[in-house]
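> show me the folded form of this:
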Amino acid sequence: MAPARRLLALSLLLLLLAAAAPAPSAAAEEFTEELLLRPLPDRKALAHFHFRSSTPAPARHHHLFPKAISHLVQKFHISELELSFTQGRWNYETWGGHDPLSTNTKPPGVELWAVFDLPSSEIDATWKNLTHALSGLFCASVNFLESSTAFSAPRWGFKSNEGNLRYGALPREAVCTENLTPWLKLLPCRDKAGIASLLYRPSIYKGYYHSQKLKLTTSKTGGIVLDQSLTVVLQPNTASGKQLHSADGKPQPSWSLEHLFNRKLSGKCLVSRSSRIFVEIEKGILAESGPEASWSNEFFELSTAPDRVLNELDHLDVQSSSLYEYDLGNYNDDEPLDVGITWKLPLIWSCSPAPYYARRFLMGSGNERGSIALSFLSTDLHKQLGGSSNDCSIKAVVLQVFPWYVKVFYHSLQIFIDGSSKAISEVLEMIHVTPSEDKLSPGTLEMLLRFPCGMQSATLILDFDKGFLHIDEYPPDANQGFDIPSALVSFPEFNSSRRYPETDPMFVSPLLENFKEENVVKSYTEVLLVPLTTPDFSMPYNVITFTCTVLALYFGSLLNALRRRIGEEESKLKKAASRPALIPMLIARLRGQKADPSNSESSPVSPIGLKLLLKVAFVAVVAVAFHYLSNS
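Got it, this is the predicted structure:
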């Protein structure tokens, strides 16, 4: 028995050691956190949070990687996925449109796109199940995208694919802390430690622009990479900060982490491989303050000396911008990090724009028909390109998704360049149209345009008719109007990559790796608000109220007349006349007087008339109350 017990004890010990040992997939999991700070030309500050979690392969248990995301990949066979919640619109004219951050900005509301590794016949059903899973995971109305009228399948206007991509947007979706909290729960340290501890809710949601994004990428070997980013544009708290006044009369406040988020960083997340903060000084500031501007010069000064300085090199190997790096591993509770920028002299600079500013607006009046106009305004980027304005051109790809109740006439396309009408064949190089079906699917328009470099402005106009909805299809705020999602305009010949050469092989930054990718410059237009023919929803309640009132009065009077018996009424009147009136007696007693039964003024009121008056008064009160309640 002793050898058997020893063998059993040894087996149990081996099982415990095997269970305690980390799995190979968990041991290879990684997590990094980074924050990029940048001053903006309109005296605001940009903060871009970036978190990356990776695992070599999906597993039943994970050490760092969120289990819910792993289940999504396995269940729905996702190759790529991106989900964003955005409040506000990125100001491309002031905040830039040619750098990696402005290229990755998102339209207002919710945007979701996914690429599936499935047969075409199974993609739509999988998409619907995926929207429900994401809706429950992030406490949002993503499940509204399950309807076939809410999503589309663009071929090349959004991203080149083989028909396995689905795209949907909800422009009216509100963004609040209920969406941010589950997003933070995907992080190993949540918002309790590390860079995520800066996410103080009142500071985040009072900003001018707020966009939280989740991007999921799977590799052929089965690995999963989850990128979580949060981009906010904040107004520095000038109450306690030093202010300077620039030449245009606007204050230029100094700021720090405490001014922006009411927080200081006391260290990194313990399980993160790297935890860094970058302060970016753009080319426009360097051009004003000198090409070799350090972290402390006559124009500005950083509150803390950086651990490292990275200089960007453009395609001509000329320094464009600088990054000042701070490693959070060097800071703790006793020495927290409160990096910021102090302006010594006011500066005026501008960010790199996209080739064109794209805007979209409505034309026409009435609830029957109208027009959609898409305008392009040149930023004079052709002056930096080779060749003259006659032999060079700039490509632009346009993607627009129209709801089914906006019936677009695609043959009515008109193109105007610098105020003069142009033939469609001169500008339009390729087009793909997916017509909408009533109450089944939206319409999709994908166009490849080629504009001459010397062009200053261009306008595209499309006519449309407004459809009619069933009364059950109107939202509660139907009189506000109906939203058309933002149009996407991309420029395939321009990329927003940035290179920061580094000689240290141990230096790994997922944020800077994303900056090196060849991302196409793109921008989103405004969301359109289309007024449709809307019925008077209060009319049914008014009709019901008045009808019920008339019927109550009519049937009450009719029943009273039919049930009245003349003999009984006369006998009741004689009995009432033979005894003293009760009401005068009560009034006399209240006054302290003795009632006179023979007083002719105390003649009783007819019970039939009193009953009728009470019925009419009761019905009138009920009708008026119901009318006010129905209209409130």
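
> drop to CA atoms for contacts and neighbour counts, all remaining ones
OK.

> end-to-end on stretch 519-532?
This stretch, stretch 519-532, spans 38 Å end to end (C-alpha to C-alpha, to the nearest Å).

> next one: stretch 515-535
Stretch 515-535 end-to-end distance (C-alpha to C-alpha) = 51 Å.

> excluding its backbone neighbours, what's nearest residue 152?
Of all residues not flanking residue 152 in the chain, residue 167 sits nearest, at 5.4 Å (C-alpha to C-alpha, 6 or more residues apart in numbering).

> in what helix or strand does the one you found lie?
Assigned by DSSP states H and E, residue 167 belongs to strand 165-170.

> just checking, what packs against that strand?
strand 109-116, strand 151-152 (3 or more C-alpha pairs under 8 Å, 6 or more residues apart in numbering; DSSP states H and E).

> isn't residue 66 right next to residue 184, touching?
No - the criterion here is C-alpha atoms under 8 Å, and residue 66 misses it with residue 184 at 10.8 Å.

> and for stretch 156-164, what's in contact with it?
Here stretch 156-164 makes contact (C-alpha atoms under 8 Å, 6 or more residues apart in numbering) with 115-120, 123, 153-155, 397-399, 446-447, 488.

> show me how to select, in ChimeraX, the buried members of these.
Buried members of the contacts of stretch 156-164, defined by 16 or more other C-alpha atoms under 10 Å, are picked up in ChimeraX with:
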select :115,116,123,153,154,155,397,398,399,446,447,488
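
> so the strand holding residue 167 versus strand 109-116, what angle?
On the basis of axes from the mean of the first three to the mean of the last three C-alpha atoms, to 10 degrees, strand 165-170 is oriented at 170 degrees to strand 109-116.

> so in that sheet, which strands flank strand 165-170, and in what orientation?
Taking DSSP bridges as the criterion, strand 165-170 sits next to strand 109-116 (antiparallel), strand 151-152 (antiparallel) in its sheet.

> and the next helix or strand past that strand?
Following strand 165-170 in sequence, per DSSP H and E, is helix 177-184.

> taking the mean pLDDT, what do you get for the following helix or strand past that following helix?
Per DSSP H and E, helix 177-184 leads on to helix 201-205 as the next helix or strand towards the C-terminus. Averaged across helix 201-205, pLDDT comes to 90.

> mind starting the numbering at 505 from now?
All set: I'll call the first residue 505, so the last point we hit is now helix 705-709.

> contacts for helix 705-709, please.
Counting by C-alpha under 8 Å, 6+ apart, 680, 681, 714, 736, 738, 764, 765, 766 sit against helix 705-709.

> filter the residues you listed to the buried ones?
714, 736, 738, 764, 765.

> between the residues you listed, which sits nearest residue 921?
Nearest to residue 921 among the buried ones among the contacts of helix 705-709 is residue 714, at 34.8 Å by C-alpha to C-alpha.

> and the strand or helix carrying residue 637, what's buried?
Assigned by DSSP H and E, residue 637 belongs to helix 624-642. If you call a residue buried by 16+ other C-alpha under 10 Å, then helix 624-642 has these buried ones: 627, 628, 630, 631, 632, 634, 635, 636, 637, 638, 639, 642.

> next: stretch 672-688.
672, 673, 674, 675, 677, 679, 683, 684, 687, 688.

> alpha carbons of it, as CSV, please.
The C-alpha trace of stretch 672-688 is given here as CSV (Å, rounded to 0.1, in the frame of the first residue of the first chain):
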residue,chain,number,x,y,z
GLY,A,672,-22.3,49.9,-40.9
ALA,A,673,-22.7,53.2,-39.1
LEU,A,674,-25.0,54.7,-36.5
PRO,A,675,-24.5,58.5,-36.7
ARG,A,676,-27.0,59.3,-33.9
GLU,A,677,-25.5,57.0,-31.3
ALA,A,678,-24.6,58.8,-28.1
VAL,A,679,-21.3,58.1,-26.4
CYS,A,680,-21.0,58.1,-22.6
THR,A,681,-19.2,56.4,-19.7
GLU,A,682,-21.3,53.2,-20.2
ASN,A,683,-19.3,52.6,-23.3
LEU,A,684,-15.9,53.6,-21.8
THR,A,685,-16.2,51.4,-18.8
PRO,A,686,-16.5,48.0,-20.6
TRP,A,687,-13.7,49.2,-23.0
LEU,A,688,-11.4,49.7,-20.0
